[in-house]
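Undergrad: A structural model of the following input is requested.
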Amino acid sequence: MKKTVTTIIAVFIIAALSINAQGFKLGVTGGLNLLQSPDILTKDISEGGVGFGSGYQFGVKGKFSLPIIPLKVVGFVSYSKFSSDGSLNNQNIENEWSIVTVGFGGEWSLVPGPISPYLALDILYNRFGEKTQKNTTNNTEMKDDGVSRSGVGIGGGIDVTILPKIDLDLSARYNLNNLVGKEDGEENINSLSVTLNVFFNIL
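TA: Predicted coordinates:
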């Protein structure tokens, strides 16, 4: 995983330096990752589910422009943390889970200018972390091993220039997180991520 993240960052730095006068932006991201499926993850603990409605998401993102065409190539690394607690059959339950995502894709600007909406498509590599369930009533714990899957993210957003060197980027993406690599019987893990990104113009 560390090698993958390092490779993504290196590719963006080299690509940005190779595109003369095309502007490279690096920023921090924060927002929410809202799970949409499967039901076992989203249903309340009292209904036999895990209770992961939404989780906090944060990370880093880089983007640089291609010459002539209104396309920005982007790459990002994000971390989403999910937790829940509730009761089932008079037992108190606490759950924890995380997803590390490495993404690479493009953003097509629809309207140029200081306020610029865009459409986005990303290829995703997801590392689903170990899922932990604690029964605090009888002090027991169960863990499911983490797995890696690949998928795509589709969405859009809007870029807003607020200062010559600082941009804001509000985006929403629907993520099909485990399109590739699923085992037989494995359900789709889909989510909606909504993030606010603060970018600084590096080049």
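Undergrad: contacting residues for residue 151?
TA: By Cβ atoms under 8 Å, 6 or more residues apart in numbering, the residues touching residue 151 are 124, 126, 175-180. Glycine gets a C-beta too; all of them are placed from N, C-alpha and C.
Undergrad: next SSE downstream of the helix or strand hosting residue 101?
TA: Taking DSSP states H and E as the definition, residue 101 sits inside strand 91-109. As assigned by DSSP H and E, the chain's next helix or strand after strand 91-109 is strand 115-128.
Undergrad: partner strands of the strand holding residue 101, parallel or antiparallel?
TA: Paired neighbours of strand 91-109 in the sheet (DSSP bridges): strand 71-88 (antiparallel), strand 115-128 (antiparallel), strand 131-135 (antiparallel).
Undergrad: where does this protein have low pLDDT?
TA: Residue ranges of the chain with pLDDT under 70: 1-22, 203.
Undergrad: one step back: and the strand holding residue 101, how far from the chain's centre?
TA: Centroid separation for strand 91-109 versus its chain: 5 Å, with Cα atoms, centre = their mean, to the nearest Å.
Undergrad: list the buried residues for it?
TA: Neighbour-count burial for strand 91-109 flags 93-103, 105-107, 109 (criterion: 16 or more other Cβ atoms under 10 Å).
Undergrad: same deal with stretch 194-203?
TA: By neighbour count on 16+ other Cβ under 10 Å, the buried set for stretch 194-203 is 194-195, 197, 199.
Undergrad: can you check stretch 165-180 too?
TA: Result for stretch 165-180 [16+ other Cβ under 10 Å]: buried residues 167, 169, 171, 173, 175-179.
Undergrad: can you name the two of those that sit furthest apart?
TA: Using Cβ to Cβ, the two most remote members of the buried residues of stretch 165-180 are 167 and 178, lying 31.8 Å apart.
Undergrad: what lies in contact with stretch 125-138?
TA: Here stretch 125-138 has contacts from 1, 4, 50, 90-103, 140-151, 177-178, 189, using Cβ under 8 Å, 6+ apart.
Undergrad: can you rerun that using 6 Å?
TA: By Cβ atoms under 6 Å, 6 or more residues apart in numbering, the residues outside stretch 125-138 that reach it are 1, 91-92, 94-102, 141-144, 146-150, 177.
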